[in-house]
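>>> Structure of the sequence below:
(chains A and B)
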Amino acid sequence: MKSLINELNRLSLIKLFALAILLRVLLMPFFFHPDIKTYNFQAQFLKNGVWNIYSYLLENKQSLPLKEEFVYFPLTYYFLGGYQIIASPLLGSDFNNWLNNASVGESQAQNIFRYLFVLKLPYLLLDILIAFLFLKLFNSDKTKKAGFVFWLFNPFSLILIYIFGNLDVIVVMITVLSLLLVKRNKLVFAALCLGLGSAFKAYPMLFLPFLLLVGNSISERLKILVAGLGSFLVIIVPFVIKPGFSQAALVSGLTTRIISSGLSIGFGETLIFPIISLAALFAYALSKGVLEKEQLWKYYLSVLLLVISSIHFHIQWLLWLVPFVVILLVKSQKYITFIWLIGLIALAIPILYEDKFMSVSLYSVISPLFSLLPIPFGAVQKLYDPYAVQSVLQSGLVGMSLILIWQILKGEEYETG
Amino acid sequence: MRLVKVNTILVFIALLLMPALLSLGINNIPYGNQPSTDWSVKVFQNNIIEQKFTAQVNNLSAIGISIKNPNLANTGDIVLQLLSSDRHILRTSTLNGQHIPDGGFEQFTFMPVSDSLNQPYILELSAPSSVDLDSYEIFMTRQQISAVDPAMSNGVLVPGSMAFVQYEHPRNKLTLLGSIYLTWINKLVGDMSFLVFYLMLVISLVVIIAPNVKLIGRKE
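From the prediction side, this is the model:
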């Protein structure tokens, strides 16, 4: 740690910052995951005056070139659609043709590098904003700089944001902002952030019960609940009562997977692993009475480790963990090898999914020939059952996550920051 | 600083080295896109599909076809034979239904046929262990494809041809690698205003970083 800080003192933050941006700029145009096209295809309808994307897609499914539902929550649609409106002069006139072209040659559009660069530009800004939030999140110079560097120079966020084109960085920024507000004793605003974040993607709502426990009094906890849950409900209720939303956003992704992993106990009942573990974690937190605000990140990290390790997850979800892992590493670097191991296992699991865009096809904008290559799933299949390998890795991830959670919650004294 | 160094190296590996490494694994290059898949013909026991065509590639090394196999019901073999115009068997390639998802686009690969360009060939598809109930179905096209005759099913002409793709084995990996990087550069040059902006941005960032390049490589 000492050598890192000494080195940091020699390097100016500006130069590190420029290098961080350069690495991101180098990746942005040259990697393509079709999700970025799918949700931008759906978000294009905002400029046509479509305010309820869920009902619109349901009503026009037959005539649209892409049939997928919009699985994110409403603010994601407004964010992406609003950005498309602002960025349309940069994207050019052929952009809409590309969005509406569902052919297999979608990654071969002439201006594809421009599209990918411009569409990932807000992610770059949010990513950098997170780095600056880390400067505010810690107290001493050395922890500030360590947080800044760990965020900007960890390979996981680079891969997840710029190679997989992961829009979850929006919500990740909001959760870090919420943590900063907790540090500044603005618990109601922190809860408001969680509510707003959940209106993009649902997962920050999992943090709200733990934020409640930071409140000192019943009235304060009530305010936190109203701000967090209320802001979320105010945004989504107008959609819930109309067709399309429940089926698309509520019955997809995390919202259903979190209750799909379990063990049947007969008579139609199931013991649901993520719920069991989250309930146990909450009960543990509850037993502490009032949670210390400095400890909150440990519970957020634990929540995500418990949920992600025990369900079939999207690779994009791993980004949710990264800010809390950065905090862990700033506080105690003894976990760095452990974190690398968990991170590599967590990345390996989705790369083994039977999906070309988890591996070789990410390079398809450079040349479509890369999509002809065998995928890791197929390569493993020649030797052994790839699902068995995935299961072994996932089980290993659960075990390692449990030990990490135990380590971080057992009350060790970390360096204060 | 190790983290900064590792990340910088990883980005350059991902961007520059990986395309080169991946290109070493490309053994079959398609000729054009697959024609539209308009309807299908069953293949089972003696129900064989025959397709005459003229090869459009040298080193013909694979044939790609879309196959119906609902619920992976058929776990038997499907056999493709490549015959010369005088019906000598040149190559045989077999796939197993366990690995053919319904509607999957499958490649039948074989040893490359040298000097295949513009030579007439016959494809024969058979599934000797299948019965009518669990038959494979081969996707056909109604598109008129040059150098491809109408197909025959069980000896009877059908309206259209197999919706198949011919593949070529690259003669030289270095040439293939060069063509991949050339395609990449051409695409960049094709959007000149973006390229100019992008290069200016990258160069500006490099200029800012340049004096500290040595520090990044220094040991802790």
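>>> Is the residue nearest the centre of chain B bridged to anything, and to what?
Nearest to the mean C-alpha position of chain B, by Cα atoms, centre = their mean, lies B:P30 at 4.8 Å. Counting by DSSP bridges, B:P30 forms beta bridges with B:Y167.
>>> List the contacts of it.
Listed by Cβ atoms under 8 Å, 6 or more residues apart in numbering or on different chains, the contact set of B:P30 reads A:L372, B:G64, B:V165, B:Q166, B:Y167. Just so you know, the C-beta spots here come from the backbone N, C-alpha and C atoms, and that holds for glycine as well.
>>> Find the nearest non-adjacent residue to B:F110, please.
Leaving out its chain neighbours, the residue that sits closest to B:F110 by Cβ to Cβ, 6 or more residues apart in numbering or on different chains is B:R91, at 3.8 Å.
>>> What is the one helix or strand that neighbour maps to packed up against?
Assigned by DSSP states H and E, B:R91 belongs to strand B:89-96. Of the remaining helices and strands, those touching strand B:89-96 by 3 or more Cβ pairs under 8 Å, 6 or more residues apart in numbering or on different chains; DSSP states H and E are strand B:77-84, strand B:104-113.
>>> From chain A, how far out is the residue nearest to B:F110?
Applying Cβ to the nearest Cβ, to the nearest Å, the value for B:R91 to chain A is 19 Å.
>>> can you pull up the bridge partners for that residue?
Here B:R91 sits in beta bridges with B:L82, as judged by DSSP bridges.
>>> In this structure it contacts B:V113, no?
Yes - counting by Cβ atoms under 8 Å, B:R91 touches B:V113, with 6.7 Å between them.
>>> Could you tell me which residues touch both of those two?
Common neighbours of B:R91 and B:V113 (Cβ under 8 Å, 6+ apart) are B:L82.
>>> Could you provide the contacts of B:P30 in JSON lines, with additional columns for distance to A:S391, pLDDT and neighbour count?
Putting the contacts of B:P30 into JSON lines (distance: Cβ to Cβ, whole Å; pLDDT from 0 to 100; neighbours: other Cβ atoms under 10 Å in any protein chain shown) gives the following:
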{"residue": "A:L372", "distance to A:S391": "29", "pLDDT": "84", "neighbour count": "21"}
{"residue": "B:G64", "distance to A:S391": "32", "pLDDT": "93", "neighbour count": "19"}
{"residue": "B:V165", "distance to A:S391": "35", "pLDDT": "93", "neighbour count": "19"}
{"residue": "B:Q166", "distance to A:S391": "39", "pLDDT": "94", "neighbour count": "24"}
{"residue": "B:Y167", "distance to A:S391": "34", "pLDDT": "94", "neighbour count": "23"}
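>>> from these, which single one is nearest A:G147?
A:L372 (42.4 Å; Cβ to Cβ).
>>> follow-up on the earlier one: any idea which of the helices and strands packed on strand B:89-96 gets closest to A:L194?
strand B:104-113 (43.4 Å).
>>> Can you name every helix or strand that the closest one contacts?
Counting contacts by 3+ Cβ pairs under 8 Å, 6+ apart, strand B:104-113 is packed against strand B:60-68, strand B:77-84, strand B:89-96, strand B:165-168.
>>> Give me the buried positions along that strand.
B:F105, B:E106, B:Q107, B:F108, B:T109, B:F110, B:P112, B:V113 (16 or more other Cβ atoms under 10 Å in any protein chain shown).
>>> which other residues reach it?
B:27-28, B:34, B:55, B:59-67, B:69, B:80, B:82, B:90-93, B:95, B:100, B:167-169.
>>> Residue in the stretch 301-417 of chain A with the shortest distance to chain B?
Closest approach between the stretch 301-417 of chain A and chain B, counting by Cβ to the nearest Cβ: A:S367, at 4.5 Å.
>>> Tell me if I'm right that that residue and B:A20 touch.
No - counting by Cβ under 8 Å, A:S367 does not reach B:A20; the two are 11.3 Å apart.
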